[in-house]
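Colleague: take a look and give me a structure for this.
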Amino acid sequence: MSRRLTIVGLALLALALAAAPALAQKPVKIGVLTPLSPPGDPAAGQLILRGAKMGADEVNAKGILGGRKVELVVEDDAGTPEKGAAGFRKLATQDGVVAVIGQFHSSVALAVQDLAEQFKVPIFATQASARAFSEKHLNYSFRTHVIDTDRVQLWNRWIKEKGFKKVALLAENTDYGVGLVEDTKKLFPTIMPGAELKTIVFDRAVVDLTPQLLEIKSWKPDVVINIGVGTPAYLIIKQAADVGLLPGTPMLVSYDMPARAEYWKNLGEKGNFVSFLVYYHPTMKLTPRGEAFRAKYREQFKEDPVYASLNGYAQVVLIADALEAAKSDNSDALVKALLANKFQGWNATISFSRGDGPYWQQWTPPMLLMQYTKVDMPFTEAKIVFPAEFKTGDLVVPK
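Modeller: Sure, this is the predicted structure:
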């Protein structure tokens, strides 16, 4: 009897030892839910995915949690809440991801964060900036991107510095666009006495903004803020040039779309003299991790990285670092590790706290305003026009 038990015990031990390597090799899955087709901004999604893949490659060179690999599972949210929700459900329930990154459109991020809470799978907003995302104080929502309120405060300071008295906002009817309009209306009265604000909100699906731009032109603004995303942002610039609003009236694009290589291909000379907000500049000193990424990116793609790729990369390695700190691939353990530790990001140390208002599980990158002053100007040569401590050139407004 004892001999039989010994044989059975040895057999079970052998099975356990045989299964251990297989368990160790089971990949840790990270979801990438991002726009890869219209009506979303597919160029942004591809850049986020590009960085995420580089992050996974870096992690996999060493492995995590005893030699396991990271596997990215990609879903296209097409920039719509409906597709975003469907994609998140699949990632959480069928694919078994430990976390989801890649959110670009605020409307999608807001739609899926309740699902993140339901399925207890952390979501990381990569470029979704709506204040409401972090204002809800949800346990499974994290963001390593700017908050719209901070974005508005930056351009309000710029408007005050330049002495602009008449400011026009042309915004798409998404959570991003409407949120920026609301924040601007709330904060604008603090700029300067007598300043005027004109806001126009348009349907995201519109293909002709000529009437709205002619209305703005007749109002004679000192500056126009372009709050479109993807195709609508390009449409505003093209048609503003067509009606003669550009280049004589300064235009500020509300995010870093002009930093992409596609910008001049889409606009040609119509894109000249446009200003834009960025979160990264090629002259920035980065962390050792960020510098290594930038060198690899330049070598691989023969161009300087843009913020979308930097942040997609940083979120993947951030999750890997937190899993290592947690010594587990459990989502609750991941959340605890994220809140308890500091991590090396692409340009600074990343940490999360549960602050007041929108500063909940939030880390914010730097923000700069830049301008192109000649056609086909490389992003690396664009001038920083604000804030003063980083300024490399003055705003140019052609007569």
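Colleague: could you tell me how far the most centrally placed residue in the chain is located from Lys302?
Modeller: Note on the chain: the residue nearest the mean C-alpha position is Gln127, at 1.6 Å, using CA atoms, centre = their mean. Separation of Gln127 from Lys302 (CB to CB, to the nearest Å): 24 Å. All C-beta spots, glycine's among them, are computed from the backbone N, C-alpha and C.
Colleague: residues contacting Phe104?
Modeller: Thr34, Pro35, Gly40, Asp41, Ala44, Gly45, Ile48, Gly79, Thr126, Gln127, Ala128, Ala308 (CB atoms under 8 Å, 6 or more residues apart in numbering).
Colleague: try 10 Å
Modeller: Taking CB atoms under 10 Å, 6 or more residues apart in numbering, we find Phe104 in contact with 33-35, 40-42, 44-45, 47-48, 77, 79, 125-129, 145, 176, 229-230, 255, 308, 312.
Colleague: ok, Glu215 next?
Modeller: Ala168, Leu170, Lys198, Ile200.
Colleague: using the three-state scheme, assign it.
Modeller: Assigned by DSSP: H, G, I helix; E, B strand; the rest coil, the conformation of Glu215 is helix.
Colleague: can you check the pLDDT for it?
Modeller: We have a pLDDT of 98 for Glu215.
Colleague: equivalent analysis for Gln25, please.
Modeller: 80.
Colleague: also Val396?
Modeller: pLDDT at Val396 comes out at 96.
Colleague: surely it touches Met377?
Modeller: No: the criterion here is CB atoms under 10 Å, and Val396 misses it with Met377 at 11.4 Å.
Colleague: overlap in contacts, these two.
Modeller: With CB under 10 Å, 6+ apart, Val396 and Met377 have common neighbours Asn272, Gln371, Lys383.
Colleague: which one of those is nearest to Glu58?
Modeller: Taking CB to CB as the measure, Glu58 lies nearest Lys383 of these, at 32.6 Å.
Colleague: what are the phi and psi values at the closest one?
Modeller: phi -90, psi 140 (degrees, to the nearest 10).
Colleague: doesn't Leu252 fall inside a strand?
Modeller: Yes: Leu252: assigned to a strand according to three-state DSSP.
Colleague: burial of it, as a residue count?
Modeller: 23 (other CB atoms under 10 Å).
Colleague: go ahead and confirm it touches Gln371.
Modeller: Yes: in this structure, Leu252 is within contact of Gln371 by CB under 10 Å, at 9.0 Å.
Colleague: and the strands in the stretch 51-200 of the chain?
Modeller: 70-76, 99-103, 123-125, 141-143, 166-172, 196-202 (DSSP state E, counting those that start in this stretch).
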